[in-house]
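Asks: Sequence and predicted structure, then a few things I'm wondering about:
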Amino acid sequence: MFKKKECVAMLLAGGQGSRLYALTQKTAKPAVQFGGKYRIIDFPLSNCVNSGIDTVGVLTQYQPLVLNDYIGNGLPWDLDRTFGGLKILPPYQGQKGADWYRGTANAIYQNLEFINRYDPDYVLVLSGDHIYKMDYGKMLAFHKQKGADCTIAVLDVPLSEASRFGIMSTDEEDRIFKFTEKPKEPDSTKASMGIYIFNKDKLQSYLEADEADPMSSNDFGKNVIPAMLAAGEKMYAYAFDGYWKDVGTISSLWEANMDMLGEDPELILNDESWRIFSRHYSQPPQFIGKHAIVTNSVVTEGCEVYGTVKNCVLGAGVRIMHGAYVKDAVIMDGVVIGEGATVNYSIIDTDAQIGAGARVGAQKEDGVEIAVIGTGVHIPSGAEVFPGEMIS
Amino acid sequence: MTAAGLIFSNIHDASIPELTRRRTMASVPFGCRYRLIDFALSNFVNSDITKVGIITHYNYQSLLDHIGTGKDWDLARRSGGIKILPPFITAYENAASGRVYTSRLEALMGVMNFISRCTEDYIVLSDCDVVCNIDLKDVIRRHEECGADITVVTKRLNAAEHTLNAHVMVVDTDDDGKIRDFVEYTGSERELGEIDISTNIMVMKRTYLQDVVLDSMAHGYTSFYRDIIGKNKNKSKFMVYRYDGFYELISSMESYFACSMKMLEPDAREQLFGERNRPILTKVRNSAPTKYSAEAKVVNSLIADGCVIEGKVENSIIFRGVHIGRGTVVKNCVMLQDTYVGDKAMLNCVVTDKNVLIKDGRRLSGHESMPFFIGKGISV
């Protein structure tokens, strides 16, 4: 039995995130850790729940083990529902044969049956690549008020950066008349955030048409949106002006983590009115030892700090041993930094171990790159990992 | 072997009235993020005891809040799981006198329905005034092996080093561990040095418990120790199980404070939290990680998630959502959930209950033997 839902969210979580290299070798990008106790996917999932959207299909494909484990039945986000709730949608074998998800549009196309079970009026398409807090309910209200066929959330970006994004040109009514993917000479600063609301019937007919076109690469940005625009559908840009960061690269992931720190941080996560939920297990409280120094940092439960930690984000159960010095680093769950080790300007993935006296990265300054240690890697005592190196 | 558990949530409320005025002993916050019942519940779950009755008496709203469906202990089950057992008052008899149970035995009589509907072979009883991580499977195994009627878990400790009260049962055994006698703690034991005290964790066959409780109802007995163990100690086989892991008994504000401070010792934490397959579980609150400002100075302290630390914290236990303002110095303190300390305050040996507000510049101090306690929601 399925109750009708006004809006169903489809979260594209199958991406490899190849620009995160060592961090996504064994994990899909949406399951990469963020901010001490979160994973990237917590942000769109929490946004859905906080916006009153309780039916979410999560499309998985690349390295789904960690991601599936993490999402489970959706309990941490209150998405274990009798009606609706969270459903994991992997590629499947059909009567005509098996098929991987060939593109973002094809992934949704292959799951039209899932969407139609809930007979929704609207479909919200999300990706698992961004850190942001956003009320999709306001965007849906905008979509309805404009009588739109498709609404795309946009963010005002500096002109100098506009050529990295899909750029929308709009009239004074916010109606989109032009869309260019990564323009060389951008004529607008409204960048697509990869968040779309479609009228369900329109979406279905365009997806079916797109699927019938053998030349299409079955991608929303490259094919579906341009086709709708060319056909003169009512497409509107919804302006969002909060914190939003694409964490698709090592440096942007590092920066987004650091945005939690400081006197007046850009990214505030202890906000009772818009909570970000995550799955975590009971660990003992964090212990800060007798000779420890912890400043300008974010530390999660289960950590034991005996050394020095400055400008860092520490995940759950991290141990910083005596005499270790850790600065400007993102340290994920279960990492051990051995006695006297030095870690500078780095990202260290889950359960890695840095041997006593080892040196990772170099002081952060212009021209120095981030060192990355992959999940479970053991760096031997006294070894040195140079800035910019990635070890997996 | 299958077993069900029973937890007495109120039985020691009188030991620490400051913290139980508005809650049960079971829901007294402890160790930055736990409530005392978490230890009893985790011990059950970690020993594959997944049907647990919680006997309540009064003041149990905070307990219900904490337990919820039992999901956080993996006890939201179709079969078994957590059953809250409120006091049984019929419209006819007890209500007029307003009398609910007053002793352990009477409490058991009130939950006979639960006991008789269990299909498990054994029942394990536990109180909520102990902080320990015990493998109950081993206790049951030993109970089976020696063919005891009741096995009482005891802990040997040096009476001179602990603050105990008259609710504590001192157990006397022969060389084989058979209980010869027990007496209520009087204080004179301090000179004896090492004594064995009952942890009130007990194992017995379900059918045995059913029989003795029915028998007690018929005879009008009221005390479990005096009327059941005491009267039958010669003809029945009552054995002890000597537990030698980390154990702390919360029997007063002084011992609550001392036990909290014990959590700063690496060895204590290792014994309590270090067992990989026996984690202490608690309600997940979804706080953000704790934030330390550039001026923060934290030494030898245990800190929960969701805090903001901008001042100096030393030898303290800081619960979830606590704020420590700039220029503030907090030493030897236990600060419960959502305590807010403003700027430039000086605190020493202070215990704050939930939602306490300490304004800028306040100077408060207690002593280890008498911590300065500030009740729930009070502004200073």
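Replies: Done, it's in.
Asks: What are the buried residues along stretch A:99-115?
Replies: Neighbour-count burial for stretch A:99-115, counted by 16 or more other Cβ atoms under 10 Å in any protein chain shown, picks out A:101-112, A:114-115. Every residue, glycine included, has its C-beta placed from N, CA and C.
Asks: Only C-alpha atoms, please: export it in PDB.
Replies: The C-alpha trace of stretch A:99-115 is given here as PDB (Å, rounded to 0.1, in the frame of the first residue of the first chain):
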ATOM      1  CA  ASP A  99      22.000  -1.900 -17.200                       C
ATOM      2  CA  TRP A 100      24.200   0.400 -15.100                       C
ATOM      3  CA  TYR A 101      23.000   3.900 -14.600                       C
ATOM      4  CA  ARG A 102      24.400   5.600 -17.700                       C
ATOM      5  CA  GLY A 103      23.900   9.100 -16.600                       C
ATOM      6  CA  THR A 104      22.000  11.200 -14.100                       C
ATOM      7  CA  ALA A 105      18.900  11.300 -16.300                       C
ATOM      8  CA  ASN A 106      19.100   7.600 -17.000                       C
ATOM      9  CA  ALA A 107      19.300   6.800 -13.300                       C
ATOM     10  CA  ILE A 108      16.100   8.600 -12.600                       C
ATOM     11  CA  TYR A 109      14.500   7.100 -15.800                       C
ATOM     12  CA  GLN A 110      15.300   3.600 -14.600                       C
ATOM     13  CA  ASN A 111      13.400   4.300 -11.300                       C
ATOM     14  CA  LEU A 112      10.300   6.000 -12.700                       C
ATOM     15  CA  GLU A 113       8.400   3.000 -11.400                       C
ATOM     16  CA  PHE A 114       9.600   3.800  -7.900                       C
ATOM     17  CA  ILE A 115       8.500   7.500  -8.300                       C
END
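Asks: Including distance to chain B, secondary structure and pLDDT, could the buried residues of stretch A:99-115 go into CSV?
Replies: As requested, those are exported to CSV (distance: Cβ to the nearest Cβ, whole Å; DSSP: H, G, I helix; E, B strand; the rest coil; pLDDT from 0 to 100):
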residue, distance to chain B, secondary structure, pLDDT
A:101, 31, coil, 85
A:102, 37, coil, 86
A:103, 35, coil, 89
A:104, 30, helix, 92
A:105, 34, helix, 94
A:106, 35, helix, 93
A:107, 30, helix, 93
A:108, 30, helix, 95
A:109, 35, helix, 95
A:110, 33, coil, 93
A:111, 29, coil, 95
A:112, 34, helix, 95
A:114, 27, helix, 96
A:115, 29, helix, 97
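Asks: and which of those is nearest to residue B:7?
Replies: Closest approach to residue B:7 among those (Cβ to Cβ): residue A:114, at 43.5 Å.
Asks: for the closest one, what are its contacts?
Replies: A:57, A:87, A:89 (Cβ atoms under 8 Å, 6 or more residues apart in numbering or on different chains).
Asks: Pairing partners for the last one in the sheet, please.
Replies: Using DSSP bridges, the beta-bridge partners of residue A:89 come out as residue A:59.
Asks: Any chance of the backbone angles for residue A:113?
Replies: For residue A:113, the backbone dihedrals are phi -60, psi -40 (criterion: degrees, to the nearest 10).
Asks: likewise residue B:29?
Replies: Dihedral angles of residue B:29 (phi, psi; degrees, to the nearest 10) stand at phi -70, psi 140.
Asks: neighbours of it, just the number please.
Replies: Using other Cβ atoms under 10 Å in any protein chain shown, residue B:29 has 23 other residues around it.
Asks: Quick check: closest non-adjacent residue to it.
Replies: Of all residues not flanking residue B:29 in the chain, residue B:336 sits nearest, at 5.2 Å (Cβ to Cβ, 6 or more residues apart in numbering or on different chains).
Asks: and if you look at residue A:372?
Replies: For residue A:372, the spatially nearest residue (Cβ to Cβ, 6+ apart) is residue A:390, at 4.3 Å.
Asks: Looking at the contacts of residue A:114, which one is closest to chain B?
Replies: Proximity of the contacts of residue A:114 to chain B (Cβ to the nearest Cβ) peaks at residue A:87, which lies at 20.0 Å.
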